[in-house]
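**Q** Sequence plus the predicted model coming up.
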Number of protein chains: 2
Amino acid sequence: MRLIDQTQLPLTEQYIECDDYQRVAEAIRRLEVRGAPAIGAAAAYGLVLGARSVVMAGQKLDQRLPEIAAELKATRPTAVNLDWAIRRMMKVFETNRHNRTDAELSAILEAEAVSIAMEDSTVNNKMAEWGAVLFDKPTSVLTHCNAGALATVATGTALGVICQAWREGHIKEVFVDETRPLLQGSRLTAFELSRQGISVILITDNMAAWVMKTGRVQAVIVGADRITLNGDVANKIGTYGLAILSRTHNIPFYVAAPISTFDFSLIKGEDIPIEERPQDEVFNFAGVRTAPLGIQAFNPAFDVTPAEYVTAIVTEVGVLWAPFPDKIKLLAKYQI
Amino acid sequence: MRLIDQTQLPLTEQYIECDDYQRVAEAIRRLEVRGAPAIGAAAAYGLVLGARSVVMAGQKLDQRLPEIAAELKATRPTAVNLDWAIRRMMKVFETNRHNRTDAELSAILEAEAVSIAMEDSTVNNKMAEWGAVLFDKPTSVLTHCNAGALATVATGTALGVICQAWREGHIKEVFVDETRPLLQGSRLTAFELSRQGISVILITDNMAAWVMKTGRVQAVIVGADRITLNGDVANKIGTYGLAILSRTHNIPFYVAAPISTFDFSLIKGEDIPIEERPQDEVFNFAGVRTAPLGIQAFNPAFDVTPAEYVTAIVTEVGVLWAPFPDKIKLLAKYQI
């Protein structure tokens, strides 16, 4: 599997060749591949690489595959697509394991990983179409982190919507939060949007409130890493603050997420595990130390936005408007 | 005049020798010296250097000093202390110019600059004492940007209060916003506080909302660059968002500012000019380019927090509690 190394963007386009599942796990852990749907697809392919190595080593899939699945699952705790993709792969494995050889199972797993990736592309397009309807006149929009091509298999979730609305002539410009500590906004989102010729205005995260106050944006749209049954949304740290600010300024706050991002097993946001990442990400950037020694840092990678702050959620089967609980329950029937 | 170069902190302690007023103006423009009260004092000394050079060149102060004053004043538009210090210096000049020689006037200006600096030290101590009373039990507090020793002549405004409350045993730890784009929080505030043995927890600006939501802080205190008659507060970009988030989480939002920061000529925040700084500050992080080429950035250095979000303002003559208009009018009588 070949991955673009997202930690090197936007200045260097470097690719990583993953020959074994361990390298895939490492890529997820290091954020060389990131974004909930992209992590799901990468993990599915990782499991295929794992299955192949088991077969080639003459070991038994029955014994080793669950271990490999667990290892891949443990790389990042917050995005549910990872869990979803691994569960989907293991379900295919369980269904077929009694009447197939390990070599056949390995091929079946590969076909399933390909399906996951291909479906994500279809899902992206459908979300883009549903979401673009939210923008019916020229709008300046604000986004956070990266919910684009780099976060998915195809055009993205929130950025897919923005690009579609832009093609329809309804996006004036996109304000992009740089998204500290890892700068997915400036490095990835600004890169993707500007490559498509869309006007980008980069801001630091702490400018969003003033951008809203001064009337520079009329909508906010972000992706999600996990959504619970009540509509609470886990997403990149900073999303929760943005949602509050949107409410204060009467600006709609939209979330774009495929059904694979919904966790139908969790009732509310408080149940979502929030990944804390190394303190060094806050102390440094690009190898430059910016803080003194001898202090602490707090580095939650995500936060949870209560459903009450979310105006609507764009999915591949349509736009869900608040209140969400009943609509999300209906979504569950589409779940694979 | 000798200034610590704040752009080099926390990793390098480097000093700048200012032999002429042009170098002082440059230091203010480049943020080598920053913080509203520190800018005021530096500009006063800059005017002294200007007066001396005029005298030494055999030119007339009457002609040149107003030009130099205007040049120093134009370095940064938002902080009112700069304007206040220059006005105070020019008033002394006007009072004495008809019955003093230029050499005598130069010495009188120097004495006034020394007074401005010395008074700031007294004012810092008084603010610290009044402000510390706000913390009557062990509290975790959040601050933004740098309102400390480096922003003033002595112990600081908001950080002076924090340090005094800490000495009284009422500060558990200080959450410090890193304060993009120029990182005054991580570079300066974290440096100052940790040097004094105070527990610092550094966060990126977009984490503040989650820090509040998870109950990690019980108060926010910041400095100010200009306060209008109605209590609106101009301060480092990001302050306005923090104030909204504080309100949402029922956390008191305090501002610490000397009387010299009040602009008794302005009714409301909308009248404050907001400095926009070069886009490069947003494109780069600690000297490393982090954004793609071919995009725009928006870089307001300040924002305005409406008085309705401010719980109280700590000054050297006491704590003003909202509502502010009548109390700020009373403050005017203390103005020099």
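**A** Right, received. Where do you want to start? Numbers count the residues shown, from 1 in each chain, chains lettered A, B, ... in the order given.
**Q** Dump stretch A:96-113 to PDB, restricted to CA.
**A** Below are the C-alpha coordinates for stretch A:96-113, written out as PDB (Å, rounded to 0.1, in the frame of the first residue of the first chain):
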ATOM      1  CA  ASN A  96     -16.200 -17.300   5.400                       C
ATOM      2  CA  ARG A  97     -13.600 -18.900   7.600                       C
ATOM      3  CA  HIS A  98     -15.300 -22.300   8.000                       C
ATOM      4  CA  ASN A  99     -15.600 -23.100   4.300                       C
ATOM      5  CA  ARG A 100     -12.500 -21.400   2.800                       C
ATOM      6  CA  THR A 101      -8.800 -21.900   2.800                       C
ATOM      7  CA  ASP A 102      -6.600 -19.200   4.300                       C
ATOM      8  CA  ALA A 103      -5.300 -18.200   0.900                       C
ATOM      9  CA  GLU A 104      -8.900 -17.800  -0.300                       C
ATOM     10  CA  LEU A 105      -9.800 -15.800   2.900                       C
ATOM     11  CA  SER A 106      -6.800 -13.500   2.200                       C
ATOM     12  CA  ALA A 107      -8.200 -12.800  -1.200                       C
ATOM     13  CA  ILE A 108     -11.700 -12.200   0.100                       C
ATOM     14  CA  LEU A 109     -10.400  -9.800   2.700                       C
ATOM     15  CA  GLU A 110      -8.600  -7.900   0.000                       C
ATOM     16  CA  ALA A 111     -11.800  -7.600  -2.000                       C
ATOM     17  CA  GLU A 112     -13.500  -6.300   1.100                       C
ATOM     18  CA  ALA A 113     -10.800  -3.600   1.600                       C
END
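**Q** So which bits of it are buried?
**A** Of the residues in stretch A:96-113, those with enough neighbours to count as buried (16 or more other Cβ atoms under 10 Å in any protein chain shown) are A:R97, A:D102, A:L105, A:S106, A:I108, A:L109, A:E110, A:E112, A:A113. All C-beta atoms are positioned from the backbone trio N, CA, C, and that covers glycine.
**Q** And the last one, how close does it get to B:G58?
**A** A:A113 is 84 Å from B:G58, where distance means Cβ to Cβ, to the nearest Å.
**Q** One more: the second one?
**A** Separation of A:D102 from B:G58 (Cβ to Cβ): 97 Å.
**Q** just checking, which of the buried residues of stretch A:96-113 belong to strands?
**A** With strands identified by DSSP state E, none of the entries of those belong to them.
**Q** which residues does A:K236 bridge with?
**A** Beta bridges link A:K236 to A:F302, judged by DSSP bridges.
**Q** Is it correct that it is in contact with A:A151?
**A** No - the pair formed by A:K236 and A:A151 falls short of the contact definition of Cβ atoms under 8 Å, at 10.0 Å.
**Q** Now do the shared contacts for the two.
**A** Between them, A:K236 and A:A151 share the neighbouring residues A:G223, with contact defined by Cβ atoms under 8 Å, 6 or more residues apart in numbering or on different chains.
**Q** near chain B, which residues of the stretch 201-336 of chain A?
**A** Proximity of the stretch 201-336 of chain A to chain B is confined to A:201-211, A:213, A:216, A:237-238, A:240-241, A:244-245, A:248, A:282-283, A:285-292, A:294-300, A:303 under the rule Cβ under 8 Å from any Cβ of the partner chain.
**Q** repeat that for 6 Å
**A** Taking Cβ under 6 Å from any Cβ of the partner chain as the measure of proximity, the stretch 201-336 of chain A contacts chain B at A:201-207, A:209-210, A:237-238, A:240-241, A:244-245, A:248, A:282, A:285-286, A:288, A:290-292, A:294-298, A:300, A:303.
**Q** same question, the stretch 1-150 of chain A
**A** Within the stretch 1-150 of chain A, the positions lying close to chain B (Cβ under 6 Å from any Cβ) are A:P10.
**Q** ok and the residue in the stretch 1-150 of chain A nearest chain B?
**A** Nearest to chain B in the stretch 1-150 of chain A, going by Cβ to the nearest Cβ, is A:P10, at a distance of 4.1 Å.
**Q** Ramachandran angles for that residue?
**A** phi -90, psi 0 (degrees, to the nearest 10).
**Q** State the distance from it to A:I244.
**A** A:P10 sits 30 Å away from A:I244, taking Cβ to Cβ as the criterion.
**Q** With A:M212 instead?
**A** Note on A:M212: its distance to A:I244, by Cβ to Cβ, is 11 Å.
**Q** Touching stretch A:85-105 from outside, list them.
**A** Contacting residues not belonging to stretch A:85-105 are listed as A:40, A:43-44, A:47, A:55, A:61, A:69, A:72-73, A:108, A:112, A:116, A:336 [Cβ atoms under 6 Å, 6 or more residues apart in numbering or on different chains].
**Q** dump the residue contacts of A:A312.
**A** Taking Cβ under 6 Å, 6+ apart as the contact definition, A:A312 lies against A:Y254, A:V319, A:W321.
**Q** And the longest helix along chain A, how far out from the chain middle?
**A** Secondary structure of chain A per DSSP state H: the longest helix is helix A:102-132. Here the centre of mass of C-alpha atoms in helix A:102-132, compared against the chain's by Cα atoms, centre = their mean, to the nearest Å, lies 15 Å away.
**Q** and what of stretch A:198-217?
**A** 22 Å.
**Q** Just the buried residues of it, please?
**A** For stretch A:198-217, the buried set under the neighbour-count rule, 16+ other Cβ under 10 Å, comprises A:198, A:200-213, A:216-217.
**Q** now stretch A:277-293
**A** Counting neighbours by 16+ other Cβ under 10 Å, stretch A:277-293 gives A:R277, A:Q279, A:E281, A:V282, A:F283, A:N284, A:F285, A:A286, A:T290, A:A291, A:P292 as buried.
**Q** pLDDT of that stretch, averaged?
**A** The average pLDDT within stretch A:277-293 is 90.
**Q** what's in contact with the helix or strand of chain A with the lowest mean pLDDT?
**A** Comparing every helix and strand of chain A by mean pLDDT, DSSP states H and E singles out strand A:284-285 as the least confident one, with a mean of 83. For strand A:284-285, the external contacting residues (Cβ under 6 Å, 6+ apart) are B:F285, B:A286.
**Q** Mind listing the strands it pairs with, and their directions?
**A** Strand A:284-285 has its sheet partners listed here by DSSP bridges as strand A:288-289 (antiparallel).
**Q** any idea how far the partner strand is from the chain center?
**A** For strand A:288-289, the gap between its own C-alpha mean and the chain's C-alpha mean amounts to 28 Å (Cα atoms, centre = their mean).
**Q** Following the chain onward from it, which element is next?
**A** Downstream of strand A:288-289, the first helix or strand assigned by DSSP states H and E is strand A:296-297.
**Q** Show me the helices in the stretch 101-250 of chain A, by range?
**A** Using DSSP state H, counting those that start in this stretch, the helices found in the stretch 101-250 of chain A span residues A:102-132, A:158-167, A:184, A:190-195, A:208-213, A:239-248.
**Q** Deepest-packed of these, please.
**A** Using mean count of other Cβ atoms under 10 Å in any protein chain shown, the stretch among the helices of the stretch 101-250 of chain A with the greatest mean number of neighbours is helix A:184 (a mean of 28).
**Q** I'd like to check what contacts that one. Which residues are they?
**A** A:C145, A:N146.
**Q** Let me see the mean pLDDT of that helix.
**A** Mean pLDDT, helix A:184: 95.
**Q** now stretch A:206-223
**A** Taken as a whole, stretch A:206-223 has an average pLDDT of 98.
**Q** Now do it: distance to the chain's middle.
**A** On the basis of Cα atoms, centre = their mean, stretch A:206-223 is displaced by 21 Å from the centre of the chain it belongs to.
**Q** Ends of it, what's the gap?
**A** Criterion Cα to Cα, to the nearest Å; first-to-last residue distance in stretch A:206-223 is 19 Å.
**Q** got it, and stretch A:294-302?
**A** Using Cα to Cα, the end-to-end distance of stretch A:294-302 comes to 25 Å.
**Q** Show me the contact partners of it.
**A** Taking Cβ under 6 Å, 6+ apart as the criterion, the residues outside stretch A:294-302 that touch it are A:78, A:225, A:234, A:237, A:274-277, A:279, A:281-283, B:190, B:194, B:200-203, B:210.
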